[in-house]
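**Student:** structure for this input, please:
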Amino acid sequence: MTTRSDADRQVLVRPAWLEATVAGVFTALGFEPADSDKIAAALVEADLRGVSSHGVMLVPMYVERLNAGGVTRERELDVLHDAGAALVADARGGMGQLSSPQAMGLAIERAGRFGIGLVSVRNAHHFGAASRWAMQAAQSGRLGVAMSNTTPLMPAPGGAERIVGNNPLAIAVPTKDGPELVLDMALSAVALGKIRLAASAGREIPDTWATDSSGVPTTDPEAAVLGMLLPAAGHKGFGLALMIDVLTGVLSGGGWGDQVRPLYREPGRPNDCAHLFIAIDPELLGGVDGFRQRSSALASRVRGSATAPGVDRLHLPGEIEAERAQHQRRHGVLIERSGLDGLLAAARAVGAVIPAGGVLH
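**Tutor:** Model (predicted):
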């Protein structure tokens, strides 16, 4: 496999230019400008945080699915069942970057009334980085949980068939000072998007990430895309992924297992994934100030714990991403050249206006 250096495969661009370019694509596809801005902000935030697998590299896939009818232009959630603290809603096949902030907003509002809010969403579409929606709750002073199921990508332990998705889970916790504690993880060793990035950049992958179609571990990302992802932590990752399928698809009455369709292979068919959003309000469970003090004390305890030889600093979940985002907002966001090329090609294909002056290096 031919490989390229980082200098050849990465480019530094202005974050505001990147958002404007992405927004222009969705406006050209018929979305209201305000909705296009929401989609763009979610995608660019992933790149700012260094989670490029959920950033602007997704735009060509979204464009293809919108043009093929596999995702709709619906913008409003339809609440099907309201039990006070818990709701079931239908996203009507619309963009996850539009339905998810509404769903978490409902969870936050119900948490303010009942101490906890839970919104289960069916007939949904890919929502990007789960951390954005969990952080939405944390930034309002609540604990936030967001999860989704995906099309099957992983086998059961000892299996040789895709049976469960690498279903992502994010938890965000507000603190008294400093960034939120943010766990965001897919239940495979890595997200499929990282393997697709490696394939487009001509890089090999570790043989612990995936297998080929026959179940043999591989370092070839193109073979891995056609094969199976390996669960994080073996049977533990598989078991947790299976339970997320229950908490999202089975609970909501939406798609689960292979009812959730692939994003890339069947652009004309609805993705039909399902999401779950939870917000917990510490104010109604003993007081927010005390909780923030305790979560900050926990964070300080971790940062101040003993380090192994050669380690200068310990990081909390989400801390590296928060610091990277802060730096890249000021100095430019580094993205894969293949991702930029894909974005620009998509923009030209839909007739979007591409602003000038975006590339820094």
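**Student:** where does the protein have low pLDDT?
**Tutor:** Low-confidence segments of the chain (pLDDT under 70): 1-8.
**Student:** which helix is the longest one in it?
**Tutor:** If you go by DSSP state H, the chain has its longest helix at helix 96-114.
**Student:** ok, Trp256 - contacts?
**Tutor:** Listed by Cβ atoms under 8 Å, 6 or more residues apart in numbering, the contact partners of Trp256 are Asn149, Asp245, Val246, Thr248, Gly249, Val250, Ala274. C-beta coordinates here come from the backbone N, C-alpha and C atoms, glycine included.
**Student:** secondary structure class for Leu276?
**Tutor:** Here Leu276 is recorded as strand under DSSP: H, G, I helix; E, B strand; the rest coil.
**Student:** any idea what it is bridged to?
**Tutor:** Here Leu276 sits in beta bridges with Ser120, Met147, going by DSSP bridges.
**Student:** how much space is there between the closest residue to Glu74 other than its chain neighbours and Pro267?
**Tutor:** With Cβ to Cβ, 6 or more residues apart in numbering as the measure, Gly94 is the residue that lies nearest to Glu74, at 3.6 Å, once sequence neighbours are left out. For Gly94, the distance to Pro267 equals 16 Å [Cβ to Cβ, to the nearest Å].
**Student:** got the phi/psi numbers for Leu66?
**Tutor:** Dihedral angles of Leu66 (phi, psi; degrees, to the nearest 10) stand at phi -60, psi -40.
**Student:** could we number from 7 for the rest of this?
**Tutor:** Renumbered: residue one is now 7, and that last one reads Leu72.
**Student:** what residues are up against it?
**Tutor:** Neighbour list for Leu72: Leu35, Arg79 [criterion: Cβ under 8 Å, 6+ apart].
**Student:** so which strand or helix has the residue of the chain most remote from its centre?
**Tutor:** Going by Cα atoms, centre = their mean, the residue of the chain most distant from its centre is Pro315, 33.8 Å out. Using DSSP states H and E, Pro315 is not contained in any helix or strand.
**Student:** which residues in the stretch 207-356 of the chain form strands?
**Tutor:** Secondary structure of the stretch 207-356 of the chain, counting by DSSP state E, counting those that start in this stretch: strands at 216-217, 234-235, 279-286, 339-342.
**Student:** same list, the ones you listed, but as TSV with mean neighbour count please.
**Tutor:** As requested, those are exported to TSV (neighbours: other Cβ atoms under 10 Å):
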stretch	mean neighbour count
strand 216-217	24
strand 234-235	26
strand 279-286	27
strand 339-342	23
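**Student:** Val127 is nearest to which of those?
**Tutor:** Of all those, the one in closest proximity to Val127, counting by Cβ to Cβ, is strand 279-286 (4.3 Å).
**Student:** run through the neighbouring helices and strands of the closest one.
**Tutor:** Applying 3 or more Cβ pairs under 8 Å, 6 or more residues apart in numbering; DSSP states H and E, we find strand 279-286 packed against helix 102-120, strand 122-130, helix 136-144, strand 149-154, helix 257-258.
**Student:** setting aside sequence neighbours, what's the nearest residue to Ala205?
**Tutor:** That would be Pro227: by Cβ to Cβ, 6+ apart, it lies 3.9 Å from Ala205.
**Student:** please name the bridge partners of Ala176.
**Tutor:** Ala152, Asp190.
**Student:** count of neighbours near it?
**Tutor:** Residues lying near Ala176 (other Cβ atoms under 10 Å) number 23.
**Student:** how close does it get to Ser219?
**Tutor:** Ala176 is 30 Å from Ser219, by Cβ to Cβ.
**Student:** returning to what we had before: in PyMOL, how would I select the buried members of the contacts of Trp262?
**Tutor:** In PyMOL, this line selects whichever of the contacts of Trp262 come out buried by 16 or more other Cβ atoms under 10 Å:
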select buried, resi 155+251+254+255+256+280
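**Student:** of all the contacts of Trp262, which two lie farthest apart?
**Tutor:** The largest separation in these, counting by Cβ to Cβ, is between Val252 and Ala280 at 10.3 Å.
**Student:** so where do the helices sit in the protein?
**Tutor:** Counting by DSSP H, the chain has helices at residues 12-15, 21-34, 39-54, 65-74, 102-120, 136-144, 198-207, 227-232, 241-251, 257-258, 294-309, 325-337, 343-356.
**Student:** okay, buried residues for the last one please.
**Tutor:** The reference is to helix 343-356. Going by neighbour count (16+ other Cβ under 10 Å), the buried part of helix 343-356 is Ser344, Gly345, Leu346, Gly348, Leu349, Leu350, Ala352, Ala353, Val356.
**Student:** just checking, what packs against that helix?
**Tutor:** helix 12-15, strand 16-19, helix 21-34, helix 65-74, helix 198-207.
**Student:** can I get the helices and strands packed on strand 279-286 in a markdown table with mean neighbour count?
**Tutor:** Output for the helices and strands packed on strand 279-286, formatted as a markdown table (neighbours: other Cβ under 10 Å):
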| stretch | mean neighbour count |
| --- | --- |
| helix 102-120 | 22 |
| strand 122-130 | 26 |
| helix 136-144 | 27 |
| strand 149-154 | 27 |
| helix 257-258 | 20 |
